[in-house]
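**Student:** need a structure here:
(chains A and B)
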Amino acid sequence: MEIIDYIVVGSGCTGAMTAETLAESGKRVLVLDVGIENESPSEVNADFITKRYTEKQQADFFLGKEFEVLSENTHPNMPQQMAQRKFMTELTDRFLPVASENFFPAESLALGGLGNGWGLGSCVFSANELKKVGLSTDLMNKSYKIIANRIGISGEKNDDASTFCHNNFIDLQPSIKLNPAAESLYSQYRKKETYFKQKKLYIGRPALALLTENKDNRQAYSYKDLDFYTNEDNSAYRPAITIQNLLKTGKIEYQKGWLALRFWEEHNYSVLECLHIETNKKKLFFATKLILSASTLSTARIVMRSFQKRDKLPILCNAYTYIPMVYWPFIGRRNIDKFCGLVQLAMFYDKNADHSEVAMASIYNYRSMLNFRILKQMPLNYADGMRFLQLLSPALFIAGIFHPADYQKQNFIQLQKSNSLSGDTLFTNYTFEENEANQIVETEKLYAKAFYKLNCLILSKISTNAGASIHYSGTLPFSENEQLFHLSPEGKLYGTNNVFVADGSGFKFLPGKGLTLSLMANAHIVAQNVLKNV
Amino acid sequence: MKQTMQHEAKLFAQYLGVKVDDKVLLTKYSDAIEKLKFSLNEKEENILRYLLKMPFLLPFIDGAWAFLKPENGIRKRILVMNALIETQPQYVQFFLNQKDVPFPIIKLIFRGLVAVLRGIIGVLLLLLFGWK
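**Tutor:** From the prediction side, this is the model:
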């Protein structure tokens, strides 16, 4: 029997950061993962415009060799997924089955997990938000800085969004250059700033986990506008970069193909039972300390199986609305070569004016996802719609609004026995109480008015199904009191001696701002606590 | 490629404004429909047969379905053709403006009005033919 110092389950954003912190101790770290990879990553030798004008085989690139992008068999909450990112959700229906009428979370068994599709928005949580989440402000602010230095974050130091994005706690590379339409939209905001501030709305440049200057062996972003298809020169941070670097330098071990099922403790070590996804054989791994960072829902599955209880666990998920709109001054404009498909601007709504319940809209220029996806949703015949959209597309923006989420008693997850390969299915329920639903509608209206004020014509307001934000947390809440299915503030799972949870399971509140940077910062703190032998 | 599939592909390509002798495109269309399993029900098959004989009706009928039945099987297939055309370099000018378009708002309003008018006529035709 071989006992490894630290076993980390999962290789997503939190798993990667946990592994990196633990590896700094020089002890033996094993990352266990299903680890599905993109078998045929696309080669990029041109920017979007050159590709569109010259490449004969571009249909394979943009639609997928099996026309996956046109398929109707997509994940209900990831209908716009590119062929290049299909690997992210591969096999989840077999190994992570979900039964629900209203909540279909997106999960991943890929190397790098859902971090492969992260929009790169990197916001720190305010002191008020951290308090509600259950995290220490001092520790998190220090950790944000460390994580930012590891992954590389670009952004604007001083604009109206900076207090929401980074509050100057982290070192920043210069912000990305705005696309001309976004630049123009932003200048509209500057002219009407007073109106927006009266409404507690603030627009600025979001901080992004995207390099605008070279860092280590990664290159600065090159504005090829193929951001949803490839990650050229690793300019965007993806957790697989960390895992591969740690592997190259021999700081960690990595075993793929293993789905963690359950754990138990014996003497002074933990035993982890895993299922091999190809052979369906089970194997036991032994660790002095076990760190679960498989994602909020996967970790909950492992813990529920391990405690052999069929309790209902709470769950948090940001409601998500998206608003396609037309910025009319740019209708009929020519297309330019250097362009960025990533989030251009962020609009924050600070409802209580104290950074405690902030909603965020990420504003994207729409181009590289191709016109046919929009055309499909237009109530026009396709031939006229095609010409209509040609004029419209340079002016198209999509705003994705994340609403903050608090616990609601009707929302839960529960593991039920089934004939699935893991022996169970996750039953989920997620609905919005009247108050929350009304607040969401009010926020949507406020944003719609604000965009109208910026000369945007709203095409529609689309309230998505619960789960579409792909932000989940709160299944094993932080607690000062020792109780089952809760975490200590240090991230240790109550009821165990050596099991820690380093993902978002403990977060008791989900701010509307993107949570990924905070997940990584918390994972670093948990890993430090593991090393301190808390 | 089946004869009917070829006719159908030509009909949709022509409708979207593309030359009908592009064999690569026609083959790709057939391949896509097969892989995506976008089959038509009996009623849709019948309507498609009529449309193949009377292609001038397609903009109207398609416009009416866009309002009334956007998930119609024939519309799904037209969208496949649209996506294929969008990803062929020779047709890129239908999707991306190389230069600033003069009087864009007027053109946009005109396009929109034409499309809406076709949709309204299409609804009347659907009622007339009993294809609703």
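**Student:** Which helix runs longest in chain B?
**Tutor:** With DSSP state H applied, the helix covering the greatest number of residues in chain B is identified as helix B:104-129.
**Student:** Just the pLDDT for the closest residue to A:N128 other than its chain neighbours.
**Tutor:** Counting by C-beta to C-beta, 6 or more residues apart in numbering or on different chains, A:N128 lies nearest to A:S356, which is 3.9 Å off, once chain neighbours are set aside. In this view, the C-beta of every residue, glycine as well, is placed from N, C-alpha and C. pLDDT for A:S356: 96.
**Student:** and A:S356, what does it touch?
**Tutor:** Under the criterion of C-beta atoms under 8 Å, 6 or more residues apart in numbering or on different chains, the contact list for A:S356 reads A:126, A:128-129, A:132.
**Student:** right, and out of these, which lies closest to A:R85?
**Tutor:** Within these, the smallest distance to A:R85 is 29.3 Å, found for A:E129 (C-beta to C-beta).
**Student:** What is the burial count for A:K177?
**Tutor:** 15 (other C-beta atoms under 10 Å in any protein chain shown).
**Student:** hang on, isn't it packed against A:Y223?
**Tutor:** Yes: A:K177 lies in contact with A:Y223 (C-beta atoms under 8 Å); the separation is 7.3 Å.
**Student:** still on that earlier bit, mean confidence (pLDDT) on the longest helix of chain B, please.
**Tutor:** Mean predicted lDDT for helix B:104-129 stands at 94.
**Student:** which parts of that helix are buried?
**Tutor:** Buried residues in helix B:104-129, counting neighbours by 16 or more other C-beta atoms under 10 Å in any protein chain shown, are found at B:104, B:107-108, B:111-112, B:114-116, B:118-119, B:121-123, B:125-126.
**Student:** Give the ranges of residues in chain B that sit below the confidence cut-off.
**Tutor:** B:1, B:132 (pLDDT under 70).
**Student:** Around chain B, which positions in the stretch 301-450 of chain A sit nearby?
**Tutor:** By the rule C-beta under 8 Å from any C-beta of the partner chain, the part of the stretch 301-450 of chain A lying against chain B is A:328, A:331-335, A:370-372, A:375-376, A:378-394.
**Student:** For chain B, what's the nearest residue on the stretch 201-350 of chain A?
**Tutor:** Using C-beta to the nearest C-beta, A:G332 is the residue of the stretch 201-350 of chain A that sits closest to chain B, at 2.5 Å.
**Student:** Now do the contacts for that residue.
**Tutor:** A:391, A:394-395, B:97, B:100-102, B:104-105, B:107-108 are the contacts of A:G332 under C-beta under 8 Å, 6+ apart.
**Student:** what about the nearest residue to it once chain neighbours are set aside, distance to A:L391?
**Tutor:** If the residues on either side of it in the chain are set aside, A:G332 comes closest to B:P104, at 2.5 Å by C-beta to C-beta, 6+ apart. When C-beta to C-beta, to the nearest Å is the yardstick, B:P104 and A:L391 sit 5 Å from each other.
**Student:** Between the two, which contacts overlap?
**Tutor:** Common contacts of B:P104 and A:L391 (C-beta under 8 Å, 6+ apart): A:331-332.
**Student:** ok, back up a step: and for A:K177 and A:Y223, which residues touch both?
**Tutor:** Contact criterion C-beta under 8 Å, 6+ apart; residues bridging A:K177 and A:Y223 by contacting each: A:338, A:340.
**Student:** any chance you could map the strands in chain B?
**Tutor:** Remark: no strands are assigned in chain B by DSSP state E.
**Student:** now the helices: where do they sit in it?
**Tutor:** Counting by DSSP H, chain B has helices at residues B:3-15, B:23-36, B:42-53, B:58-68, B:73-86, B:104-129.
**Student:** so which of these comes closest to A:I458?
**Tutor:** With distances scored as C-beta to C-beta, the stretch of the helices of chain B nearest to A:I458 is helix B:104-129 (15.8 Å).
**Student:** Contacts only, for residue 25.
**Tutor:** All of this is about chain A. Under the criterion of C-beta under 8 Å, 6+ apart, the neighbours of A:S25 are A:L531.
**Student:** That was the other one, I meant chain B.
**Tutor:** Counting by C-beta under 8 Å, 6+ apart, the residues that B:L25 touches are B:9, B:13, B:18, B:84-85, B:88.
**Student:** Can you tell me how far the residue in chain B that chain A sits nearest to is from A:R150?
**Tutor:** For chain B and chain A, the shortest gap (C-beta to the nearest C-beta) falls at B:P104, measuring 2.5 Å. Look at B:P104 and A:R150: by C-beta to C-beta, they are 46 Å apart.
**Student:** How many residues are close by A:M1?
**Tutor:** By the measure other C-beta under 10 Å, the count of residues near A:M1 is 7.
**Student:** again with B:P55
**Tutor:** The local packing count at B:P55 equals 15, with neighbours defined by other C-beta under 10 Å.
**Student:** same deal with A:R190?
**Tutor:** Counted with other C-beta under 10 Å, the neighbours of A:R190 add up to 11.
**Student:** pretty sure B:A66 contacts B:R75?
**Tutor:** Yes: the pair formed by B:A66 and B:R75 meets the contact definition of C-beta under 8 Å, at 7.3 Å.
**Student:** out of those two, which sits in the more crowded spot?
**Tutor:** Ranked by neighbour count (other C-beta under 10 Å), B:A66 and B:R75 place B:A66 first, with 26 against 19.
**Student:** Can you classify A:K289 by secondary structure?
**Tutor:** The assignment at A:K289 comes out as strand when based on DSSP: H, G, I helix; E, B strand; the rest coil.
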